[in-house]
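A.B. asks: prediction below, plus the sequence it came from.
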Amino acid sequence: MTLDLSLPIADPAQLPEGNPGAPDSFFASLETRRAAPDVAQAEAEGTLILLADDHPTNRSLLMRQVNLLGYAAESARNGVEALNLWKSGRFSLLLTDCNMPEMDGYELAKAIRALEAATAARHYPVIACTANAMGGEAEICLAAGMDDYLVKPVELKKLRPAWRAGYPSPRPPSHRPPIFL
């Protein structure tokens, strides 16, 4: 079996200007980034990320992207599983799909915000990663208590800036007790 594929050739006049030989600063920074720590080290330095998505391929892709950016993560298959993991107090950031079985990302964010309010815990970043690119989706995510909204497939360039504000940089190891019991 042979597959023939014709692709259009770009018109050089329509390409963005810039120095084609110069590396993109984002990708150049990937070359000098730190290697992703193991889960125990990330937990100790306060940078462990929780990924919640019901689709195994999406979880795997997000995990690879987070690791490529120099962070460690654990994953959950739905909102109920994610909430139970979140209650351990081990995570500093949540990246969640909005549409999952058992408990969706909106309900998950609301539950986390309610737990934070009930225990006077600090506000932890919750970022939506959803395939829903319809108008108004960002507002729905923010109303549910999420801090930001990314459309799938999430580009590596957009992933790190989404959590940069309010997300801790690696710090010396220390024991942090669970936030929610």
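C.D. replies: Nice, I can see it.
A.B. asks: buried ones in stretch 145-155?
C.D. replies: Going by neighbour count (16 or more other Cβ atoms under 10 Å), the buried part of stretch 145-155 is Gly145, Met146, Asp147, Asp148, Tyr149, Leu150, Val151, Lys152, Val154. The way it works is simple: take the backbone N, C-alpha and C, and place the C-beta from them, glycine included.
A.B. asks: for the residue positioned nearest the centre of the chain, list the residues it contacts.
C.D. replies: Residue closest to the average C-alpha location in the chain (Cα atoms, centre = their mean): Leu95, at 3.8 Å. Leu95 makes contact with Ile49, Leu50, Leu51, Ala52, Leu62, Val66, Ala73, Ile127, Cys129, Leu150, Trp163, according to Cβ atoms under 8 Å, 6 or more residues apart in numbering.
A.B. asks: who does it form a beta bridge with?
C.D. replies: Leu51, Ile127 (DSSP bridges).
A.B. asks: just the helices from the chain, written as ranges.
C.D. replies: 25-31, 39-45, 56-68, 79-86, 105-119, 137-143, 156-164 (DSSP state H).
A.B. asks: winner for burial among those helices?
C.D. replies: helix 79-86 (a mean of 20; mean count of other Cβ atoms under 10 Å).
A.B. asks: so which residues make contact with it?
C.D. replies: 50, 52, 74, 76, 91, 94, 96, 100, 102-105, 107-108, 111-112, 180.
A.B. asks: of these, buried ones?
C.D. replies: For the contacts of helix 79-86, buried by 16+ other Cβ under 10 Å: 50, 52, 74, 76, 91, 94, 96, 100, 103-105, 107-108, 111-112, 180.
A.B. asks: closest to Thr119 among those?
C.D. replies: Using Cβ to Cβ, Phe180 comes nearest to Thr119 of the buried ones among the contacts of helix 79-86, at 6.2 Å.
A.B. asks: can you list the weak-confidence ranges in this structure?
C.D. replies: 1, 3-33, 133, 161-181 (pLDDT under 70).
A.B. asks: check contacts around Ala72.
C.D. replies: Ala72 sits in contact with Ala36, Pro37, Asp38, Val39, Gln41, Ala42, Thr47, Leu48, Ile49, Val66, where contact means Cβ under 8 Å, 6+ apart.
A.B. asks: can you put these in a markdown table and add distance to Glu81?
C.D. replies: As requested, the contacts of Ala72 are exported to a markdown table (distance: Cβ to Cβ, whole Å):
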| residue | distance to Glu81 |
| --- | --- |
| Ala36 | 22 |
| Pro37 | 23 |
| Asp38 | 21 |
| Val39 | 16 |
| Gln41 | 23 |
| Ala42 | 19 |
| Thr47 | 21 |
| Leu48 | 16 |
| Ile49 | 15 |
| Val66 | 18 |
